[in-house]
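Enquirer: this is the structure alone, sequence omitted:
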């Protein structure tokens, strides 16, 4: 087999195939980043809840929402209290 006869997968791909491959690859990378961020946030919230000194559970839905928002703000420097 000569060097002219050797072809790679990318040599036989059309421009549309390359674009589709790039799009799929980028989408997979974005999904991995989203999953990693979600897992990190979930882990941080679970850790915060386990470290929480207040052992009584919030009674109302609104109290639960306030508690989760406060926990997220502690771990995210971009979210500032209003």
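Expert: Structure's in. What do you need? What you see is a predicted model, and the numbers here were worked out from it, not measured in a lab.
Enquirer: read off the pLDDT value for residue 14.
Expert: Here, the pLDDT recorded for residue 14 equals 76.
Enquirer: ok, now residue 69?
Expert: Here the pLDDT value assigned to residue 69 is 85.
Enquirer: that one sits in which helix or strand?
Expert: Applying DSSP states H and E as the criterion places residue 69 in helix 61-75.
Enquirer: and that helix, what does it pack against?
Expert: Contact partners of helix 61-75 among helices and strands, from 3 or more C-beta pairs under 8 Å, 6 or more residues apart in numbering; DSSP states H and E: helix 15-51. (C-beta placed from N, C-alpha, C; glycine too.)
Enquirer: buried stuff in the helix it packs on?
Expert: For helix 15-51, the buried set under the neighbour-count rule, 16 or more other C-beta atoms under 10 Å, comprises residue 48.
Enquirer: angle of it against helix 61-75?
Expert: Angle between the axes of helix 15-51 and helix 61-75 is 110 degrees (criterion: axes from the mean of the first three to the mean of the last three C-alpha atoms, to 10 degrees).
Enquirer: mind checking how far residue 27 is from residue 39?
Expert: Applying C-beta to C-beta, to the nearest Å, the value for residue 27 to residue 39 is 19 Å.
Enquirer: picking up where we left off before, buried ones in the helix holding residue 69?
Expert: Buried residues in helix 61-75, counted by 16+ other C-beta under 10 Å: 67, 71.
Enquirer: with adjacent residues omitted, what lies nearest to residue 75?
Expert: Here the nearest residue to residue 75 in space, its sequence neighbours aside, is residue 44; by C-beta to C-beta, 6 or more residues apart in numbering that works out to 4.6 Å.
Enquirer: who touches residue 45 in this structure?
Expert: 68, 71, 72, 75 (C-beta atoms under 8 Å, 6 or more residues apart in numbering).
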